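*Asks:* this one's sequence-less:
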C-alpha cells in the first residue's frame, strides 16, 4: 500500500477531526523529515497512521494488544489514553502488514517518547504536537522550536506534557521521563 491508500483507509475509520489531524501530522512529518534529513515516505506513512486506533473502542484496542502478545505495564493499565499508540503499532504490524520497525516504533512511542529514539520517532513525536490544526497555549513556540532544533522541540513538548500530567495528578509513564532525561543529558 502507498500513502494515498493509507489516507483513504483512515478517512473511512475516523471522525473528520481525527482525519484532519492525521493528515496534518503527515504533512508536518514530511516537512520535518526534509528539514532534518529523514525518510519522507516513512514520515508520511507513520504520520498518517499514528492515530489509526485512537477512536476505536477500548475493548477492541485491548483485543489487538492481546492478540499481538503485548502485556501492558502497570502504568499503561491505568491510563487508557496510552492504549492507542500500542494498539495502533500492533494494528499496522499485524493487520496492515507493515514490516518496518522504525514506522512501528514511531507509532508506538508517539505519545510517551522513550530514551534513544530514532530520527523518525522524534519527527512523529514533534509532528503530533505541531500539526496545522493544533491550537494550545505554547503551540507557536513549539512550532518555532521544531523548525530550529528537533530535540529542543521535544524537550519543550515533554515539559508541557509532564507539567500537565503532574498538575492533574495523573500517572507519568517512565518512558516519558526516560525520554526527557535522555534529551536533557545529551544537551549538557
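*Replies:* Thanks, I have the structure now. These numbers come from a predicted model, not from an experiment. Numbering: from 1, shown residues only.

*Asks:* quick one: buried residues of the least confident helix or strand in the chain by mean pLDDT?
*Replies:* Sorting the helices and strands of the chain by mean pLDDT, DSSP states H and E puts helix 74-78 at the bottom, at a mean of 91. Neighbour-count burial for helix 74-78 flags residue 76 (criterion: 16 or more other CB atoms under 10 Å). Yep, even glycine has a C-beta here, placed from its N, CA and C like the rest.

*Asks:* report all helices and strands that the following helix or strand past that helix contacts.
*Replies:* Proceeding N to C from helix 74-78, the next assigned helix or strand is helix 83-94, under DSSP states H and E. The contact analysis (3 or more CB pairs under 8 Å, 6 or more residues apart in numbering; DSSP states H and E) places helix 83-94 against helix 58-67, helix 101-108.

*Asks:* in the first one, what counts as buried?
*Replies:* It refers to helix 58-67. Buried residues in helix 58-67 (16+ other CB under 10 Å): 61-62, 64-65.

*Asks:* got a list of contacts for it?
*Replies:* 53, 56, 72, 80, 83-84, 86-87, 90-91, 94-95 (CB atoms under 8 Å, 6 or more residues apart in numbering).

*Asks:* just the buried members of those residues?
*Replies:* The buried subset of these (16+ other CB under 10 Å) comprises 53, 56, 83-84, 86-87, 90-91.

*Asks:* so the lengthiest helix in the chain versus helix 101-108, what angle?
*Replies:* The longest helix of the chain (DSSP state H) is helix 16-36. Helix 16-36 runs at 130 degrees relative to helix 101-108, counting by axes from the mean of the first three to the mean of the last three CA atoms, to 10 degrees.

*Asks:* show me where pLDDT drops low in the protein?
*Replies:* Low-confidence regions of the chain, defined here as pLDDT under 70, cover residues 188.
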